[in-house]
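Chemist: Generate a structure from the sequence data that follows.
(one chain, ligands or ions: 1)
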Amino acid sequence: MERARPFPARRRILKGAALAAVPYALLPGPRAGAQTPAPDYPLGEWQPASPANYTAASRPTAHPVDLVVIHVTQTDYSGTLAVFQHPRKKVSAHYVVRSADGHVAQCVREADIAWHAGSWEHNTRSIGIEHEGWVDQPGYFTDAMYERSAALTAAVCTKYGIPRDRAHIIGHYEIPGTDHTDPGPHWDWTRYIRLVRSV
Ligand SMILES: [Zn+2]
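Modeler: Reported below is the predicted structural model:
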């Protein structure tokens, strides 16, 4: 996770301009619209982040997607969803994978730009996947988590034509300039990439 604030003001301005052009009677209710799409990943459960915590976009048309960024949450699964749903946290990821059973929540549409990498450039071109756990507690990285996350990453790679290698499936710690260490030294990259390729 990260707490950067990539251009929230710009989003508000664009939203205001768009609303100004729509007759008032046609406006949807305050929670209608983007909060309730079908998940992009069929096995995902829709758990929407607050629209204040990501940038609406039309990827891959507007921004090519060529990276998957792997994170570890440093809090539990429900706590992560709560952070993403809190409109002042200014952080989100597209997906959260639960430790115990590998259950996948989708919090941001893949077309939209989640705020997870701490870098606008890397946010625009990536899908962010959070994993429940702590970097210094390898017990959270269960077989189910590895397998279901790898299946998710494989589906993302197929959809966007992303090579299934370590140049394109990276850790948060590999984002230039970051001070984050996740997913940390206990994350088994060799196993993970092998699983991604085997799907
Ligand atoms: Zn992270």
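
Chemist: where does this protein have low pLDDT?
Modeler: For the chain, the stretches flagged by pLDDT under 70 are 1-36.

Chemist: Give me the helices and strands touching the helix ranked longest in it, please.
Modeler: Determined from DSSP state H, the single longest helix within the chain is helix 143-160. With contacts defined as 3 or more CB pairs under 8 Å, 6 or more residues apart in numbering; DSSP states H and E, helix 143-160 has these neighbours: strand 67-72, strand 95-97, strand 104-106, strand 126-131, helix 189-198. (Glycine included, C-beta is placed from N, CA and C.)

Chemist: Residues touching it, excluding its own?
Modeler: 41, 43-44, 60, 64-66, 68, 70, 95, 97-104, 110, 127, 129, 131-133, 162-164, 168-169, 188, 191-192, 195-199 (CB atoms under 8 Å, 6 or more residues apart in numbering).

Chemist: Can you say which of those residues are buried?
Modeler: 41, 44, 65-66, 68, 70, 95, 97-99, 102-104, 110, 127, 129, 131-133, 162, 164, 168-169, 192, 195-196 (16 or more other CB atoms under 10 Å).

Chemist: and residue 167, how far is that from the ion?
Modeler: 18 Å (CB to the ion, to the nearest Å).

Chemist: my read is that residue is in a helix, agree?
Modeler: No. Counting by DSSP: H, G, I helix; E, B strand; the rest coil, residue 167 is located in no helix; its state is coil.

Chemist: Now for it, how many residues are close by?
Modeler: 10 (other CB atoms under 10 Å).

Chemist: same check, this time on residue 189
Modeler: For residue 189, using other CB under 10 Å, the count is 13.

Chemist: for residue 81, same thing?
Modeler: Neighbour tally, residue 81, other CB under 10 Å: 20.

Chemist: got a list of what residue 197 touches?
Modeler: Contacts for residue 197 (CB under 8 Å, 6+ apart) come out as 154, 164.

Chemist: Also residue 130?
Modeler: 1, 71-73, 80, 93, 95-97, 116.

Chemist: From residue 107, how far off is it?
Modeler: 9 Å (CB to CB, to the nearest Å).

Chemist: Now for these two: what residues contact both?
Modeler: Joint contacts of residue 130 and residue 107 (CB under 8 Å, 6+ apart) are 93, 95-96.

Chemist: filter those residues by proximity to the ion?
Modeler: Among these, proximity to the ion is found for none (CB under 5 Å from the ion).

Chemist: In TSV: those residues, plus distance to residue 175.
Modeler: Listed next are these as TSV, based on distance: CB to CB, whole Å:
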residue	distance to residue 175
93	13
95	17
96	19
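
Chemist: Going by distance to the ion, which of those wins?
Modeler: Within the shared contacts of residue 130 and residue 107, distances to the ion taken as CB to the ion reach their minimum at residue 93, with 8.0 Å.

Chemist: can you pull the contacts of the residue lying closest to that closest one once chain neighbours are set aside?
Modeler: In space, and not counting its chain neighbours, residue 93 is closest to residue 128: 3.8 Å by CB to CB, 6 or more residues apart in numbering. By CB under 8 Å, 6+ apart, the contact set of residue 128 is 69, 71, 92-95, 114, 116-117.
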